[in-house]
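**Student:** Model the following, please.
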Amino acid sequence: MVQAKGPVWHQKQKSQGIIPEGLRGLDKEATWATSKADGWVYGHGTFSLVSHGVPVVGGFKWMRNCAHEGKRLWEEAGRYQGQLRAVVMDSKADDCKMYRAFRRERRMALVTRCRERMNKTAQRRAMIRQMRRPENRRRLKERSHTVEPMQGLVKEIFDLDRCWMRGDDNNRWLFAAMGLAVQMSQLEAYREGRSTWQVKGRVLGEG
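**Tutor:** Residues are numbered from 1 along each chain as shown. Presented below is the predicted three-dimensional model:
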């Protein structure tokens, strides 16, 4: 999540379409969302796809801050059908229907962290058993040191604390350009046998 530049539009007033008098420079297209790490943020979201074997950004894209990340994973992963065996996401992808759809329609294993006490159906219990298999536990553990730090790396490179361009369309192209710049630098590093993490100077044109 990235804070919108300018003032925030409180949820009650936003839902009613009321803009307080004197509130200037408001990003009307930003939305509210919350996380354990950042709390409530009024702004825009980012969506990353990162490979597990070699940590390389496969995509870094804008998304609505309030959008469902699990559904976005379904949309984005479809581009890689036939190339990926598994996709991994945190508990935001904990959905039995989506888990089964990935297997049936995409021929991919969805690996996620299952919520507790959600085991009332046979299908749900079968999904939980799959998530507890050693290879899936390993994949979830890998995610913590590939995907999460990579998201932070992109934000650090571009000092992405706030969206300095307002509106959905502007930020969509801005984030796409960031993702492409990191992809190009990481590809160069990979071909030269360098770490795909040490790309900050290359992206910024240093060194």
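**Student:** only C-alpha atoms for contact and neighbour calcs from this point on.
**Tutor:** OK.
**Student:** The residue positioned nearest the centre of the chain pairs with what?
**Tutor:** When Cα atoms, centre = their mean is applied to the chain, the residue found nearest the centroid is Phe47 (2.9 Å). Beta-bridge partners for Phe47, by DSSP bridges, are Lys61.
**Student:** Check the gap between Arg191 and Gln11 for me.
**Tutor:** Separation of Arg191 from Gln11 (Cα to Cα, to the nearest Å): 48 Å.
**Student:** These two - which one has more neighbours?
**Tutor:** Between Arg191 and Gln11, counting by other Cα atoms under 10 Å, Gln11 is the more crowded of the two (13 against 9).
**Student:** Mind listing residues that contact stretch 138-147?
**Tutor:** 48-52, 55, 88-90, 111-113 (Cα atoms under 8 Å, 6 or more residues apart in numbering).
**Student:** can you give me the mean pLDDT across stretch 199-207?
**Tutor:** Average pLDDT, stretch 199-207: 72.
**Student:** Please read the previous query as pertaining to stretch 146-154.
**Tutor:** Stretch 146-154 comes out at a mean pLDDT of 84.
**Student:** looking just at contacts, which helices and strands does the longest helix along the chain meet?
**Tutor:** In the chain, taking DSSP state H as the definition, the longest helix is helix 168-191. With contacts taken as 3 or more Cα pairs under 8 Å, 6 or more residues apart in numbering; DSSP states H and E, helix 168-191 sits against strand 57-64, helix 147-157, helix 200-203.
**Student:** Which strand or helix spans Lys71?
**Tutor:** helix 69-77 (DSSP states H and E).
**Student:** roughly how far is that helix from the heart of the chain?
**Tutor:** 9 Å (Cα atoms, centre = their mean, to the nearest Å).
**Student:** Name the residues that touch it?
**Tutor:** Outside helix 69-77, the residues that reach it (Cα under 8 Å, 6+ apart) are 47, 87, 89, 92-94, 98, 102.
**Student:** picking up where we left off before, now the helices and strands packed on helix 168-191 as TSV including distance to Leu26 and mean neighbour count?
**Tutor:** TSV is the format used below for the helices and strands packed on helix 168-191 (distance: least, Cα to Cα, whole Å; neighbours: other Cα atoms under 10 Å):
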stretch	distance to Leu26	mean neighbour count
strand 57-64	16	20
helix 147-157	23	16
helix 200-203	31	16
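**Student:** Which among the ones you listed is found nearest to Asn119?
**Tutor:** Closest of these to Asn119 is helix 147-157, at 27.7 Å (criterion: Cα to Cα).
**Student:** got the CA positions of the closest one in PDB?
**Tutor:** What follows is helix 147-157, C-alpha atoms only, in PDB (Å, rounded to 0.1, in the frame of the first residue of the first chain):
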ATOM      1  CA  VAL A 147       8.300 -11.900  -2.500                       C
ATOM      2  CA  GLU A 148       8.000  -9.700   0.600                       C
ATOM      3  CA  PRO A 149      11.500  -8.200   0.500                       C
ATOM      4  CA  MET A 150      11.300  -7.700  -3.300                       C
ATOM      5  CA  GLN A 151       8.200  -5.500  -2.800                       C
ATOM      6  CA  GLY A 152      10.200  -3.500  -0.300                       C
ATOM      7  CA  LEU A 153      13.200  -3.200  -2.600                       C
ATOM      8  CA  VAL A 154      11.100  -1.600  -5.400                       C
ATOM      9  CA  LYS A 155       9.600   0.800  -3.000                       C
ATOM     10  CA  GLU A 156      13.000   1.700  -1.600                       C
ATOM     11  CA  ILE A 157      14.600   2.200  -5.000                       C
END
